[in-house]
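*Asks:* Sharing a sequence plus its predicted fold:
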Amino acid sequence: MTDQDPAPFLSHVVRVSDVPRAGLRVTIEADEASRARIASAYDLVALPKLTATFTLAGNARRLKLKGQVRAEVRQTCVVSLEAFDSQIDERFELTFSEDVPEEGAAMQNEDDGFSRREDPEPIVNDRIDLGVLAAEYLALALDPWPRKPGVSFAWTEDAGEPSPFAALKRLRNGESGGDS
């Protein structure tokens, strides 16, 4: 992170050189202020709980990370506009390295087009911010079109205002529109 980057919603920095050979397990529980910032940024009604667990293993040059983000989120249903609660349980694995290929080297041209090769994430200044990873993976796990369980979208026509599609169907079938 540079001096000009905004402050993260949640921060928990680990120095890679401090990770013991046997590995390191870290658990982060977001405080109320962090949860409020994340809820606001991700357009959530509320974020009552956010916990992330990480296991790190490797050395100062290359590190394997396994993570799990668990959260209780309150979102607004896109159909009913009612708030509802749901659970997030997202697992992920990443590799971090001091030696990261240059930008653009991640794409390889193959006979059938382009494919993405998974490259390691960079270790910058001997640090990895696990809080930022927790917030990012929470964002990836959120449904962009949240729907309250049991709610479905059903189109109904008002008796006084038929849909334009119904009018087109009548025209196609040779029926009169009534108001012409």
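*Replies:* It's in. Numbering: from 1, shown residues only.
*Asks:* what sits against the residue nearest the centre of the chain?
*Replies:* Within the chain, one residue has its C-alpha closest to the average C-alpha position: by Cα atoms, centre = their mean, that is residue 140, at 1.4 Å. Going by Cβ atoms under 8 Å, 6 or more residues apart in numbering, residue 140 touches residue 90. For glycine as for every other residue, the C-beta is placed from the backbone atoms N, C-alpha and C.
*Asks:* In terms of helices and strands, where is it?
*Replies:* Using DSSP states H and E, the element containing residue 140 is helix 130-141.
*Asks:* okay, now the residue lying closest to residue 90 once chain neighbours are set aside: neighbour count?
*Replies:* When the adjacent residues along the chain are set aside, residue 90 lies closest to residue 141, with 4.0 Å between them (Cβ to Cβ, 6 or more residues apart in numbering). Burial of residue 141, expressed as a neighbour count using other Cβ atoms under 10 Å, amounts to 16.
*Asks:* With residue 148 instead?
*Replies:* Other residues within reach of residue 148, judged by other Cβ under 10 Å, total 18.
*Asks:* give me every residue that touches it.
*Replies:* Residues in contact with residue 148, defined by Cβ under 8 Å, 6+ apart, are 77, 79, 80, 82, 84.
*Asks:* Distance of the fourth one relative to residue 147?
*Replies:* Think residue 82. Here the distance between residue 82 and residue 147 works out to 10 Å (Cβ to Cβ, to the nearest Å).
*Asks:* quick one: which of those two has more around it?
*Replies:* Under the neighbour definition other Cβ under 10 Å, residue 82 and residue 147 were set side by side, and residue 147 has more, 16 against 11.
*Asks:* Tell me who's in contact with that one.
*Replies:* By Cβ under 8 Å, 6+ apart, the contact set of residue 147 is 77, 78, 79.
*Asks:* Closest to residue 62 out of these?
*Replies:* residue 78 (42.4 Å; Cβ to Cβ).
*Asks:* quick one: pLDDT of that closest one?
*Replies:* Model confidence at residue 78, expressed as pLDDT, equals 91.
*Asks:* if we can go back for a sec, which pair of the contacts of residue 148 spans the longest distance?
*Replies:* Greatest spacing in those, by Cβ to Cβ: 79 and 84 (10.7 Å).
*Asks:* Name the residue in those two with the higher neighbour count.
*Replies:* residue 84 (17 against 14).
*Asks:* quick one: what helix or strand has that one in it?
*Replies:* Secondary-structure element containing residue 84, defined by DSSP H and E: strand 83-97.
*Asks:* Parallel or antiparallel, which strands does that strand pair with?
*Replies:* According to DSSP bridges, strand 83-97 has the following sheet partners: strand 62-76 (antiparallel), strand 121-122 (parallel).
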